[in-house]
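[1] Here you go, sequence then predicted model.
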Amino acid sequence: MLTVRFDRLGLRPGDRFLDAGAGFGRHAFEAARQGATVFALDYAEEEMMGTRATFGGMLAAGEIPATSYGGVLRGDATRLPFDDGAFDCVVTSEVLEHIQDDVSAIAELHRVLKPGGRLGVTVPTWWPEKINWMLSDEYHAPKSVGGHVRIYSATELKAKLRATGLEVEASHHAHALHSPYWWLRCAVGPRNDTHPLVARYRRFLEWDIIERPTVTRVAERVLSPVLGKSLVVYSRKPVAEHASAMAGSAR
């Protein structure tokens, strides 16, 4: 289940792609399928091991070429272990809301982008997330299941992206059917994932992801602008920024 729309990223075969805060790698796998050279980074060791194993299976099955696998590593989004301008495209999905120093993380994402490169960022949408916080203190406590430390408005996120020099190009919302699921989880306790209603709704979401029936695709398209769990913002690092830096160094 992808949150970022890859047609908004302009990704091309051979591009270098970073999934920063990759989790179990859903966006990294899609980028590899599209022919990019993919690096996946996350702070959680268990998730990185799972992502690495999945990439191994994809390579063994011939699903992706060897050139699409750049590496999977554990790291901190506020101190990315990559050179300046290392990537044509970067995605960070449902990550920034976990990071205390999100300004430093955004600055790092900007730093590792090539001039002209694109960044796709997703965070929880303000009002569905606000309901989660109202329903459960445990959900947003720093060491809880969610571990969310802030609620972004679209204005705040776009302003923080622009503050690094990025040009915001577009935005949308996604995953309308997931908002009620998280409200339900927060209502019964975010750790109580065996509650009968939670388990039933989770099975419905899993069925929807696999089967993709027309009725739920239409519902997602209609409801996401107002009910979408995720806010997705696309931005670009200006080419002119690089030209100005080069001109300055030549003087």
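    Structure's in. What do you need?
[2] quick one: contacts for the residue nearest the centre of the chain?
    The centroid of the chain falls nearest to Ser93 when counting by C-alpha atoms, centre = their mean (1.1 Å). By C-beta atoms under 8 Å, 6 or more residues apart in numbering, the contact list for Ser93 reads Thr3, Val4, Asp19, Gly21, Gly23, Arg26, His27, Gly120, Val121, Thr122, Ser230. Any C-beta I mention is one placed from the backbone N, CA and C, and that applies to glycine too.
[3] closest to Ala105 among those?
    Gly21 (8.7 Å; C-beta to C-beta).
[4] Find the residue closest to that closest one in space, skipping its chain neighbours.
    Spatial nearest neighbour of Gly21, excluding adjacent residues (C-beta to C-beta, 6 or more residues apart in numbering): Val95 at 3.2 Å.
[5] Ok, Gly23 next?
    In this structure, Gly23 finds its nearest non-sequential neighbour in Glu47, 5.4 Å apart by C-beta to C-beta, 6+ apart.
[6] Can you list the low-confidence ranges for this protein?
    Scanning the chain for pLDDT under 70 picks out 142-146, 241-251.
[7] mind listing the strands for it?
    Taking DSSP state E, the strands of the chain run over residues 16-20, 37-42, 69-74, 87-93, 113-124, 167-174, 230-236.
[8] How far does stretch 11-24 sit from its chain's centre?
    Offset of stretch 11-24 from its chain centre (C-alpha atoms, centre = their mean, to the nearest Å): 11 Å.
[9] and what of stretch 208-225?
    Distance, stretch centre to chain centre, for stretch 208-225: 20 Å (C-alpha atoms, centre = their mean).
[10] Name the residues that touch that stretch?
    For stretch 208-225, the surrounding residues in contact (C-beta under 8 Å, 6+ apart) are Met1, His172, His173, Ala174, His175, Ala176, Leu177.
[11] I'd like to know which of the residues you listed are buried.
    Neighbour-count burial (16 or more other C-beta atoms under 10 Å) is assigned, among the contacts of stretch 208-225, to His173, Ala174, His175, Ala176, Leu177.
[12] can you put those residues in CSV and add distance to Ser136?
    Below are those laid out as CSV (distance: C-beta to C-beta, whole Å):
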residue, distance to Ser136
His173, 22
Ala174, 22
His175, 19
Ala176, 21
Leu177, 20
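[13] now, which of the residues you listed sits nearest Leu113?
    Ala174 (22.3 Å).
[14] if we take the buried ones among the contacts of stretch 208-225, which one ends up nearest to Leu11?
    Proximity of the buried ones among the contacts of stretch 208-225 to Leu11 was ranked by C-beta to C-beta; the top entry is Ala174 with 17.9 Å.
[15] pretty sure that closest one contacts Gly228?
    Yes: judged on C-beta atoms under 8 Å, Ala174 makes contact with Gly228 at a distance of 5.1 Å.
[16] The residue nearest to Gly23: what's it in contact with?
    Taking C-beta under 8 Å, 6+ apart, we find Glu47 in contact with Ala22, Gly23, Phe24, Gly25.
[17] pretty sure the second one is in contact with Glu46, am I right?
    No: judged on C-beta under 8 Å, Gly23 makes no contact with Glu46 at a distance of 10.4 Å.
[18] Just want to know which of those two has more residues nearby.
    Ranked by neighbour count (other C-beta atoms under 10 Å), Gly23 and Glu46 place Gly23 first, with 18 against 9.
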